Structure formats: structure tokens, C-alpha cells
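> whatever this is, show me its structure:
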Amino acid sequence: MYRIVTVSGEANRVMPLQIKLKSRPAILPLYLRALTARKQGRLAGEGGRILASVSLNNQAVDPISLRAYREVCGFADGSQLPATYPFVLAMPLQLRLLVSEAFPFPVLGVVHLRNRIRQYRGLQESERLDIRCDLCAPVAVKRGYEFELVTSIRVAGELVWESTSTLMSRVKHQDTQTLRTPAATQRGGGKSDVADTVSQDWQVAADTGRRYARISGDRNPIHLCAPTAKLFGFPRAIAHGMWSKARCLAALEEGVFAGKLPTQFEVEVAFIKPIFLPARVSFESSTDTDGTVFQVYSGEGKRVHLTGKLVALREV
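Take a look at the predicted model:
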């Protein structure tokens with residue numbers, strides 16, 4: 001299913017694990033490994049350095065899965081892929097890295113803090129995609145360790161899409177002298193005073209987590225139903241963070257951008273508080289010369305779930 005490539009380099013330095021897949025990995029065995037793997041809890045090398053990489057080339061898009069993704073996230077039909085859809089294609093590769101010997105901590109309990117996507121051109125549904133994911137070494141922060149998963153998509157050698165996910169493992173650490181200050185997150189404060197804001201109310205169904213899980217393969221128990229979520233300390237199932245981001249992007253595409261997003265753009269979000277299912281939440285966006293900022297909140301702005309910003313990139 002995969003092969004490990006030995007990498008030469010500097011003496012006395014641990015080289016990144018490189019995995020080349022020949023086919024898309026099955027999700028269930030990876031989750032079983034996530035549940036049963038014993039992790040040593042020790043770091044190798046400096047924070048931020050690439051620990052492992054996995055690649056899978058010449059991948060076609062399944063039109064049935066894509067159609068289901070559009071439906072659950074609110075995207076309209078079109079010839080281009082939604083900008084968040086490559087994340088779904090890469091999810092098994094990311095999980096493969098997290099269950100590998102290169103990642104030192106348990107997978108369960110890892111929290112998705114932030115995600116940034118850069119799209120350099122629109123991806124066509126008919127294109128064949130080369131996917132690569134890199135796992136970067138964790139760095140100590142106040143509440144545990146933060147690390148990044150960096151995903152890139154190429155078509156015929158051309159870099160067309162990139163994503164950086166910042167995640168955190170709540171593992172205690174000894175060295176309090178080298179703690180890194182977590183990156184600041186853009187927090188909303190309820191309804192904006194900007195005159196040109198656009199607002200929507202969303203009814204998020206109780207089965208949203210299960211529907212998104214069937215498409216994405218992310219069957220983390222906290223997203224499926226109340227009984228499985230309670231096993232991990234949540235009163236009810238919570239929506240996937242990347243579903244929330246995709247739903248925001250679909251709303252921006254339909255409303256602010258009148259059905260067509262910029263050709264090249266960057267969209268970054270911070271996941272602040274979970275959305276418990278079912279839920280009634282509000283989406284709000286405002287646009288100025290610096291870009292479009294948006295947020296998802298509930299309770300008349302008392303509980304902010306997500307904040308984000310979309311900016312057009314200069315044409316290359």
C-alpha cells in the first residue's frame with residue numbers, strides 16, 4: 001500500500017519519514033490504529049521541522065461524493081471544485097501521518113485550532129490531482145503542543161492549492177521555559193456596526209456531523225451522535241470545523257461574491273467554540289478594501305464559534 005523512502009542528509013539528525021501511497025488509504029484501519037497505538041510522548045528535533053510526509057498522485061474526483069459534499073455544505077453546482085473540497089481528499093493522508101511513528105502523541109483529543117487555504121487557481125472537477133501532506137514537529141504552548149499539517153495540491157507539476165492546519169495536543173510538558181505564545185486569533189464580538197454587513201441565520205441539523213463524516217471520512221466519535229460525543233466529554237455531537245468553514249465559504253460565494261469567488265484567494269479561519277448539534281447559529285460578513293471578514297455566532301453574539309477572513313491574492 002505504501003513504501004518508505006530513506007532520505008540522506010546531515011549526520012546525527014533524524015530524517016523525515018517519507019511515505020508514497022499507491023492508493024487512497026482505508027479510513028477504518030487508521031482509526032483502529034488511532035485508538036490502539038501507544039505513543040511515546042517524546043519530541044524529535046526542533047519545533048516546526050518536517051517530521052514526515054505522505055503523497056498520493058494522479059487522484060480523480062468522484063462526482064457522486066462531490067455532489068454530496070456540495071449539498072451538505074451549501075455549495076451550488078459548478079465545474080470548479082469548492083476551495084475546501086481538496087481538504088476532504090487529503091484527510092486520509094493526514095490521518096495516516098498522525099497514526100505513524102513520526103507523530104509522538106495520541107491522536108484522540110487533538111483539537112483543530114486554525115486553518116488557512118490558499119487557492120492559486122480554480123480546480124476543475126476533471127483534473128487529476130497530486131496530493132502531498134507534511135507533518136511538522138510540535139512546539140510547546142501553554143496548554144500543550146501545537147503542530148501543523150501542511151497539504152499541497154499539484155496538477156501536472158503546477159502548485160494550485162495549499163492548506164495549513166494548526167492543531168493542538170493537550171499533553172503536559174516539562175519545559176516551561178521554551179513555551180511559544182500561541183498565534184492570536186481574530187475574535188468576533190457579535191453583530192458588527194459596519195453598514196454593508198451581510199447576515200444569515202442557519203439551522204444546523206442534528207445529522208450534519210454524520211452526513212459530513214460519510215463524505216469526508218472523518219468519523220471522529222465527537223461528531224456522530226450524543227452518546228459517542230459524551231464518551232469524550234461533550235454533551236452533544238459537534239459540527240466538524242471544516243464543515244463550518246466550508247459552509248461559510250458557500251455563503252460568501254452565494255452572497256457577497258454573487259456566485260463567483262476570486263480566481264486566487266486566501267481564506268483563513270480560527271475555530272473558537274464548537275457548534276453543538278442541532279443548532280441555530282448566525283453568519284455575518286463585511287467587506288472593505290482589506291478583504292472580507294466573517295464570523296459564525298449564537299446567543300446574540302455571546303458565543304462566537306468561528307472567525308475568518310478572505311482576501312484576494314495578486315494575480316500570478
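> where along the stretch 201-316 of the chain do the strands fall?
265-271, 279-288, 291-298, 303-312 (DSSP state E, counting those that start in this stretch).
> can you redo those strands as a markdown table with mean pLDDT and mean neighbour count?
All C-beta atoms are positioned from the backbone trio N, CA, C, and that covers glycine. Listed next are the strands of the stretch 201-316 of the chain as a markdown table, based on pLDDT from 0 to 100; neighbours: other Cβ atoms under 10 Å:
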| stretch | mean pLDDT | mean neighbour count |
| --- | --- | --- |
| strand 265-271 | 97 | 22 |
| strand 279-288 | 94 | 18 |
| strand 291-298 | 95 | 23 |
| strand 303-312 | 96 | 20 |
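> got a markdown table for the ones you listed, with distance to S23 too?
Converted to a markdown table, those look like this (distance: least, Cβ to Cβ, whole Å):
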| stretch | distance to S23 |
| --- | --- |
| strand 265-271 | 30 |
| strand 279-288 | 37 |
| strand 291-298 | 36 |
| strand 303-312 | 34 |
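> who wins for proximity to Q200 among these?
Q200 sits nearest to strand 279-288 of all these, at 4.6 Å, using Cβ to Cβ.
> give me the contacts around the closest one.
With Cβ atoms under 8 Å, 6 or more residues apart in numbering as the test, strand 279-288 has contacts from 188, 191-192, 194, 196-204, 239, 247-248, 251-252, 255-256, 275, 292-298, 305.
> list the neighbouring strands of that strand plus their orientation.
Strand 279-288 has the following strand partners under DSSP bridges: strand 198-204 (antiparallel), strand 291-298 (antiparallel).
> just the mean pLDDT for the first one, thanks.
Meaning strand 198-204. Strand 198-204 carries an average pLDDT of 92.
> stretch 224-231 too?
Stretch 224-231 carries an average pLDDT of 92.
> domain parsing for the protein?
The record's domain split for the chain, according to automatic domain parsing, is 1-180, 184-316.
> surely S55 meets I19?
Yes - counting by Cβ atoms under 8 Å, S55 touches I19, with 7.4 Å between them.
> and these two? Which one has more around it.
Neighbours per residue (other Cβ atoms under 10 Å) separate S55 from I19, with I19 holding more: 22 against 18.
> next, the more buried one: secondary structure please.
strand (DSSP: H, G, I helix; E, B strand; the rest coil).
> ok, it to K39 distance?
Distance, I19 to K39, by Cβ to Cβ, to the nearest Å: 18 Å.
> helices of the stretch 1-150 of the chain, start to end?
Using DSSP state H, counting those that start in this stretch, the helices found in the stretch 1-150 of the chain span residues 27-36, 63-73, 85-98.
> please identify the most buried of these.
Among the helices of the stretch 1-150 of the chain, ranked by average contacts under mean count of other Cβ atoms under 10 Å, first place goes to helix 85-98 (a mean of 22).
> pLDDT averaged over that one - what is it?
Across helix 85-98, the average pLDDT comes to 95.
> quick check: angle from it to helix 27-36?
Angle, helix 85-98 to helix 27-36, by axes from the mean of the first three to the mean of the last three Cα atoms, to 10 degrees: 40 degrees.
> so among the contacts of strand 279-288, which ones count as buried?
Buried members of the contacts of strand 279-288, counted by 16 or more other Cβ atoms under 10 Å: 188, 192, 202, 204, 239, 247-248, 251-252, 256, 275, 292-298, 305.
> quick check: closest non-adjacent residue to F105.
Nearest non-adjacent residue to F105, counting by Cβ to Cβ, 6 or more residues apart in numbering: S169, 4.2 Å away.
> T307 bridge partners, please.
On the basis of DSSP bridges, T307 is bridged to A270, Q295.
> mind checking pLDDT for R13?
52.
> same check on the one 10 residues further on?
At S23, the model reports a pLDDT of 92.
> do you know how far it is from E148?
Taking Cβ to Cβ, one finds S23 at 26 Å from E148.
> same question, D207
With Cβ to Cβ as the criterion, D207 and E148 are 31 Å apart.
> try T166
In terms of Cβ to Cβ, T166 sits 6 Å off from E148.
> quick one: the helices in the stretch 151-300 of the chain, in order.
Going by DSSP H, counting those that start in this stretch, the stretch 151-300 of the chain shows helices at 208-216, 226-230, 241-254.
> so which of those helices comes closest to V61?
Nearest to V61 among those is helix 208-216; the distance by Cβ to Cβ comes to 12.3 Å.
> what residues sit buried inside the closest one?
Neighbour-count burial for helix 208-216 [16+ other Cβ under 10 Å]: 208-213, 215-216.
> which other helices and strands contact it?
For helix 208-216, the packing partners by 3 or more Cβ pairs under 8 Å, 6 or more residues apart in numbering; DSSP states H and E come out as helix 63-73, helix 85-98, helix 241-254.
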